[in-house]
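> Provided below for reference: sequence and predicted model.
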Amino acid sequence: MPSMPKSSNPSDIESLRRFDQHAIAAIYDRYYLEVYRYVRYRVGDEMLAEDITSEVFIGCLKAAQVHQGPNKSLLGWLIGIANHKVADYVRHLYRHPVDELLESLPADIPTLPEEIEHRERRRNLQWALAQLTNDQQHVLALLFGQGYSLEETATLMNKKIQAVKALRIRALAALQRKLGGSK
Amino acid sequence: MKKQLSDALDVCLKSLKDGETLEAVLARFPHLAAELRPLLEAAQAAWMLGQFDSPVGLVTRGRARVSSVHFRAGKPQAVRWILRPSWRVALTVLIVVAFLALSTNSAFAGAAQALPGDTLYPLKRVIENIQLVLTTDPSQRQVLQEEFNQHRVNETLALILSGRVEVVEFNGIVSSQTQNGWVVAGIPVNVSSLTLIDGAIRIGVEASVSGETQPDGSILAITIVAGDESDLQVTQIPEPIETNETAAIETDEAEATETAEAEATETAEATLRATKTPKPTRTPKPTNTHRPIKTPKP
């Protein structure tokens, strides 16, 4: 029996297919913040994360309207769409480079030295994370951003637990090297 | 060793989460402390990245956006007969048969000559995929797959010759290392700081490249993925001397590739060393030059 995060509710798929307003609202309330946190962890930017999260849910509704969508887990499906949308965004950024991703962190300027140091550390961290492969970023976001267990992460990534563990080690090692390189 | 490290990491992460200090956690595994320390420091950083407050009004704003689309979209349409599973299967078979029947027609013949970026190119790839799906004999399918791989290389060479800038993808053996990257399938592949490199790119390993053709006859790689180590076809060039820490991680990766999981392609470990400094000392012939570009097969 695959292990899903506690917030996941199997009856949600049926609710989505019914497409009634109350069901959609309930699905939205249950998952929006969770998907937002995942996207925010990956992209680091508040507004961008909000935009991508809304796109994920709009995509979900459009899929439901034409009788497509998840068969097993709605949360897994939403996180999967979010992962693809973030990857699409990174590809777009590669082809059309604008300002650096981290330049778009919140504009409020910190004044205290601790705040400045904290802000700088987050910038470095976000930069280092963005240098990893998509799968490595995905596994770190699920395990350390969302706090899912190895079993839950394995289910969401459709991998075996041992594979997730191996990927976790590679991701952490790569992150540490990037952090070392950014100092 | 790999499993031991992984299990120790599980215990350490749980202890850190419960509030223990890094030093206290490491003291429990003195024989693995050198390898665990960088992983745990990275884990602490990864946790820190997840500590943020959600903006005020986030849920309300998002609900408004999504609801507006919901109301515009209206109720779902009734399932049309054509969308029913049984009809979809029948329709797919019909389309495949039609493709095969028409495959000698001029449009399809034209598609066979199409290059990436051409209007008919997607059709060419669809036809190839159908051919692969319909080939049940594994050995024949392998031959066909290799033939198609060669098509990708030929298409790339043709684009380079014509000076077109297009996104291409191809597989090939890494034959040498250059100042800016590698030579894959005889084509110089350059990397930039934005290139995603997955796996250990070494001479003799098969690599999958996706990138853009450049006017100078090279490819600027978007991604390079190394094939399985078992694909190694020539003598492996000795690695430069590594630090103990890096060497330990590399050993773990090598073990990971032995698992039945297809995770081997996901390794982005050793590539990081390669991307940092493609050192001439790693190849026996540092004066290696780009091969002359072959003329594509008609």
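That came in fine, so what should we check first?

> Identify each buried residue in the helix or strand A:Glu14 falls within, please.
Assessed by DSSP states H and E, A:Glu14 sits inside helix A:11-18. Buried residues in helix A:11-18, counted by 16 or more other CB atoms under 10 Å in any protein chain shown: A:12-13, A:15-16. Glycine gets a C-beta too; all of them are placed from N, C-alpha and C.

> Would you double-check that B:Glu169 falls in a helix?
No - B:Glu169 is assigned strand when assessed by DSSP: H, G, I helix; E, B strand; the rest coil, not a helix.

> which SS class is the residue lying closest to it once chain neighbours are set aside?
Spatial nearest neighbour of B:Glu169, chain neighbours left out: B:Ser210 (4.1 Å); criterion: CB to CB, 6 or more residues apart in numbering or on different chains. Classification of B:Ser210 using three-state DSSP returns strand.

> ok, now how distant is B:Ser210 from B:Thr195?
Counting by CB to CB, to the nearest Å, the separation of B:Ser210 from B:Thr195 is 10 Å.

> okay but B:Ala112 is in contact with B:Lys124, surely?
Yes - the pair B:Ala112 and B:Lys124 passes the contact test of CB atoms under 8 Å, sitting 6.2 Å apart.

> So which of those two has more stuff around it?
More neighbours surround B:Lys124 than the other of B:Ala112 and B:Lys124, with 21 against 13 (other CB atoms under 10 Å in any protein chain shown).

> Please tell me how far the more buried one sits from B:Ser210.
17 Å.

> and the longest helix for chain B?
In chain B, taking DSSP state H as the definition, the longest helix is helix B:138-162.

> Contacts only, for the residue positioned nearest the centre of chain A.
For chain A, the residue nearest the mean C-alpha position is A:Tyr38 (2.9 Å; CA atoms, centre = their mean). Applying CB atoms under 8 Å, 6 or more residues apart in numbering or on different chains to A:Tyr38 gives the contacts A:79, A:82-83, A:141-142, A:145-146.

> Report the entries of those residues that also contact chain B.
A:145-146 (CB under 8 Å from any CB of the partner chain).

> what's the offset of the helix or strand A:Ile24 falls within from the middle of its chain?
Element membership for A:Ile24, per DSSP H and E: helix A:21-43. In terms of CA atoms, centre = their mean, to the nearest Å, the centre of helix A:21-43 is found 11 Å from the chain centre.

> So what touches the least confident helix or strand in chain A by mean pLDDT?
Ranked by mean pLDDT, DSSP states H and E, the weakest helix or strand in chain A is helix A:11-18, scoring a mean of 73. If you take CB under 8 Å, 6+ apart as the criterion, helix A:11-18 is touched by A:23-24, A:26-27, A:30, A:60, A:64, A:67, A:69-74, B:76.

> Distance of the closest residue to B:Val11 other than its chain neighbours relative to B:Arg37?
Leaving aside its sequence neighbours, B:Val11 sits nearest to B:Arg28 (CB to CB, 6+ apart; 7.3 Å). Using CB to CB, B:Arg28 is found at 13 Å from B:Arg37.

> Helix, strand or coil: sort out B:Ile203 for me.
When classified by three-state DSSP, B:Ile203 comes out as coil.

> picking up where we left off before, is it true that the residue nearest to B:Glu169 touches B:Val167?
Yes - between B:Ser210 and B:Val167 there is a contact under CB under 8 Å: 7.0 Å.

> Residues in contact with both of those two, list them for me.
Shared contacts of B:Ser210 and B:Val167, defined by CB under 8 Å, 6+ apart, comprise B:Ile222.

> At which residues are the strands of chain B located?
Along chain B, the stretches classed as strands by DSSP state E are B:167-177, B:181-184, B:187-190, B:196-198, B:206-213, B:219-226.

> Can you add mean pLDDT and give those strands back as a markdown table?
Formatted as a markdown table, the strands of chain B follow (pLDDT from 0 to 100):
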| stretch | mean pLDDT |
| --- | --- |
| strand B:167-177 | 91 |
| strand B:181-184 | 92 |
| strand B:187-190 | 92 |
| strand B:196-198 | 81 |
| strand B:206-213 | 90 |
| strand B:219-226 | 88 |
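
> which bits of the stretch 101-250 of chain B sit near chain A?
B:194, B:196, B:198, B:222, B:249.

> Tell me where the model's unsure across chain B.
B:1, B:66-87, B:99-110, B:228-298 (pLDDT under 70).

> Now do the helices in it.
B:2-17, B:22-27, B:33-49, B:58-73, B:85-102, B:106-112, B:121-134, B:138-162, B:244-258, B:269-276.

> Which strands and helices lie in contact with the shortest one?
Which is helix B:22-27. For helix B:22-27, the packing partners by 3 or more CB pairs under 8 Å, 6 or more residues apart in numbering or on different chains; DSSP states H and E come out as helix B:2-17, helix B:33-49.
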